[in-house]
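Peer 1: please find the sequence and the predicted model below.
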Amino acid sequence: MGKENQKNIPFQVPDIGSVKKASCEREISNYLKRADTEKLKAVFEKYASTVKNGEKYMTTTDFVRGFLGLYQHINYNPDAVRVIGSVADTSKDGLISFVEFQAFEGLLCAPDALYQTAFQLFDVDGSGCVTFENFAEVLKQTDIHQRIPFDLDNEFIKVYFGKDRKRKINYSEFSHFLHDFNQQYAIVAFKRYDPEGSGSISVLEFNDICLSIKNHLLTKAVQDNLVAAARKATDGGNKVSFPFFSAFLTLLENMELVKKIYLNSTGGLQTAEVTKEEFLHSAQSMSQITPLEVDILFLLADLLHQTGRITYEDLRTIAPDHYLKQITKRFTEVKAVSSPEERGVFMQILESGYRFALGSIAGAVGATAVYPIDLVKTRMQNQRTGSYISELMYKNSWDCCKKVIRHEGFFGLYRGLVPQLMGVAPEKAIKLTTNDLVRDKLTDKNGNLPLWAEAVAGGCAGGSQVVFTNPLEIVKIRLQVAGEIATATKVSALGVVKDLGFFGLYKGAKACFLRDIPFSAIYFPAYAHAKAALANENGYNSPWSLLAAGALAGVPAASLVTPADVIKTRLQVVARQGQTTYSGVFDAARKIWAEEGGAAFWKGATARVFRSSPQFGVTLVTYELLQRFFYVDFGGSRPAGSESRIVTSAETARSLNPDHIGGYQVALPILDGVESKFGLALPKFKPH
């Protein structure tokens, strides 16, 4: 048979065709739907780099590093890439045809995809069975074998592969073998540290075994308490018995059962504290857990908070929930396109409209929340010290706030709010939409966005908003300062607009550009990096972390552009009799410097920071939460941090890569599951 025809051989795993079809075509929530052939073909050709006899092929590097996005480090391990790529390369010649690519996509739809993928990993020659040589070849490349070598000549291997190790294992047998092998490895490691057969090992040896062969089961909290737990269990001794060793590992492997027992004892409550006696009583109906395992469970929990009781949060600390974290309950979930390839110009316009609408709501919420601070800031900036009228009306921002409430009432702090809300909706909407749009355009195909591109996107957002900002600001400012003089005639927004005319509404626009462009160029990159820094270990941002990131980013952005804001305010306010007038940005800057000194450019800086920081914090958290609550998939990018990256359960996790369609939505968590469930991690870097 020729090489070209060999590339069309489907997977040779016995009896999985019907399972694949049933699991992929039934449209129920627990199953994946197969990808459309044409769309999958387009994705394949995007990454395929080799052409042979007129047909395109992926190399294992194309598949693993390009398509899956794994092993991106420059010093990656090519042998590991080859082994992982072999799961799709059924002909095992280093090239993946579209038929193989599509077949693996189908395999990933199967309910037992995790075991099938592991089987493909060890089926080195594509025969549909695993030989001893196949198993040994892959095992020797894993991290676990390199740390603590497995004795390939022991009785366990002979039981499965035969005394002469010539027996071949099919898929069904291999799935059970893999489970038993994972248990056997711990016994082999224990015997390695106990060559004399005393039945015990030292505490440090226990720690070494756990970190070497069961590291995939250990959370940081458990890792940090391994030695302490072993010593406490032995009353301060230095020896760990085999029963304790075995029970400890069994407990970690059965934590999902432990959680069920806990919930059974609390009636489903996750906050109730449970004693050891209550837990044992609940465990009576589930005989798989032993009293020794319960002792170890409470020992670990006691090391965490010393109460003698456990809560569900303790169990999560010991072993995170094995499913994709439920982040935000979505009120709507609309898939506007079935794949990123359908994302045309019209869909991009709809996405911008969607972002514009949510940005409008977010802007209004943010503006209302901090409007009193904005009014105080404006009045402080308009207060002049070097002009003819030299009497200071306000000593500081707090004095200003008190006098406004005393003379104008509480609602005086909201003078000019209505026109502000009428304008802030499109202003913030166009700002947020433009920033997202430009960021999308400047992001490369690998999802990377350099710092300069983040600044450019922010600057474009700041510039775009001036068309709404300037008319809004000039009307708002004149309404805000109208209450300063008790004898002043009542000023309305409509009256201000009539007095200014169309072109008058853009008075001070240069200063507005001077303020808004650098503000946004500083703010949006700072927000993106603050958000990433405040995300949890799974890459998820809680609402509080979003609020904190927005507020922190506003501090440097708001403070550094205060001089431009002062100039803009002076240009847009109507000068009273005896006050200095300004003809433009440079004239205002010169006269302010000459009459009031450099400190005048920083008037209201504190109020501006206290207004801008929380305003943008509230605006951004509202904007991102609205996108989570009212989810619409336009085939484009989503806000970073809106999804958790927990992928410990391959069945429910999904890839965020738009090219990962059909079964490939779970390709990454499936491969991660091979490591987290079976401990079969491959070295990520080249050996030194």
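Peer 2: Received it, and whenever you're ready, just let me know what you need.
Peer 1: can you give me the helices for the stretch 151-300 of the chain?
Peer 2: For the stretch 151-300 of the chain, the helices defined by DSSP state H, counting those that start in this stretch occupy 155-161, 171-193, 203-213, 220-233, 242-253, 255-266, 276-283, 291-305.
Peer 1: so which of those helices gets nearest residue 466?
Peer 2: helix 220-233 (48.1 Å; C-beta to C-beta). Bear in mind the C-beta positions are built from the backbone N, C-alpha and C, glycine included.
Peer 1: what does that closest one contact?
Peer 2: Helix 220-233 has contacts (C-beta atoms under 8 Å, 6 or more residues apart in numbering) with 203-204, 206-207, 210-211, 215, 218, 237-238, 240, 244, 248, 252, 295-296, 299-300, 303-304, 317-318.
Peer 1: returning to what we had before: out of the helices of the stretch 151-300 of the chain, which gets nearest to residue 113?
Peer 2: Per C-beta to C-beta, nearest to residue 113 of these: helix 171-193, 11.7 Å.
Peer 1: tell me the buried residues in stretch 601-608?
Peer 2: 601, 603-608 (16 or more other C-beta atoms under 10 Å).
Peer 1: with distance to residue 196 added, can I get those in TSV?
Peer 2: As requested, the buried residues of stretch 601-608 are exported to TSV (distance: C-beta to C-beta, whole Å):
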residue	distance to residue 196
601	81
603	81
604	79
605	74
606	73
607	76
608	74
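Peer 1: looking at this protein, which helix or strand does the model trust least?
Peer 2: Counting by mean pLDDT, DSSP states H and E, the chain has its least confident helix or strand at helix 17-25, which shows a mean of 34.
Peer 1: mind giving me the packing neighbours of the next helix or strand after that helix?
Peer 2: Toward the C-terminus, helix 17-25 is succeeded by helix 37-47 as the next helix or strand (DSSP states H and E). Where contact means 3 or more C-beta pairs under 8 Å, 6 or more residues apart in numbering; DSSP states H and E, helix 37-47 is packed against strand 55-59, helix 98-109.
Peer 1: which residues in the stretch 301-450 of the chain form helices?
Peer 2: Going by DSSP H, counting those that start in this stretch, the stretch 301-450 of the chain shows helices at 312-318, 345-382, 397-408, 417-442.
Peer 1: just the helices and strands packed on helix 37-47: most buried one?
Peer 2: helix 98-109 (a mean of 23; mean count of other C-beta atoms under 10 Å).
Peer 1: now the angle between strand 55-59 and it, please.
Peer 2: 50 degrees (axes from the mean of the first three to the mean of the last three C-alpha atoms, to 10 degrees).
Peer 1: need the CA coordinates for helix 98-109. CSV is fine.
Peer 2: Taking Å, rounded to 0.1, in the frame of the first residue of the first chain, the C-alpha atoms of helix 98-109 are listed here in CSV:
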residue,chain,number,x,y,z
PHE,A,98,-6.9,16.0,6.9
VAL,A,99,-8.6,12.6,7.3
GLU,A,100,-6.5,12.0,10.4
PHE,A,101,-7.1,15.5,11.7
GLN,A,102,-10.9,15.0,11.2
ALA,A,103,-10.8,11.5,12.8
PHE,A,104,-9.1,12.8,15.9
GLU,A,105,-11.7,15.5,16.1
GLY,A,106,-14.3,12.8,16.1
LEU,A,107,-12.5,10.8,18.8
LEU,A,108,-12.5,13.9,21.0
CYS,A,109,-16.3,13.9,20.9
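Peer 1: what's downstream of that helix, the next helix or strand?
Peer 2: Following helix 98-109 toward the C-terminus (DSSP H and E): helix 113-122.
Peer 1: just checking, what packs against that following helix?
Peer 2: Against helix 113-122 (3+ C-beta pairs under 8 Å, 6+ apart) you get helix 98-109, helix 132-139, helix 171-193, helix 667-678.
Peer 1: that one: which residues count as buried?
Peer 2: 113-122.
Peer 1: and the furthest pair within those residues?
Peer 2: 113 and 122 (15.3 Å).
Peer 1: next, format the helices and strands packed on helix 37-47 as TSV and append mean pLDDT and distance to residue 515.
Peer 2: Shown next, in TSV, are the helices and strands packed on helix 37-47 (pLDDT from 0 to 100; distance: least, C-beta to C-beta, whole Å):
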stretch	mean pLDDT	distance to residue 515
strand 55-59	93	51
helix 98-109	91	52
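Peer 1: picking that back up, between the helices and strands packed on helix 113-122, which one is nearest to residue 279?
Peer 2: Of those, nearest to residue 279 by C-beta to C-beta is helix 171-193, at 24.5 Å.
Peer 1: for that closest one, which positions count as buried?
Peer 2: Taking 16+ other C-beta under 10 Å as the criterion, helix 171-193 shows 171, 174-175, 177-178, 181-182, 184-186, 188-190, 193 as buried.
Peer 1: among these, find the lowest-pLDDT one for me.
Peer 2: Across the buried residues of helix 171-193, the smallest pLDDT goes to residue 182, namely 78.
Peer 1: need the pLDDT of the closest residue to that residue other than its chain neighbours.
Peer 2: In this structure, residue 182 finds its nearest non-sequential neighbour in residue 678, 5.6 Å apart by C-beta to C-beta, 6 or more residues apart in numbering. Listed pLDDT for residue 678 reads 71.
Peer 1: biggest separation within the buried residues of helix 171-193, which pair?
Peer 2: 171 and 193 (34.1 Å).
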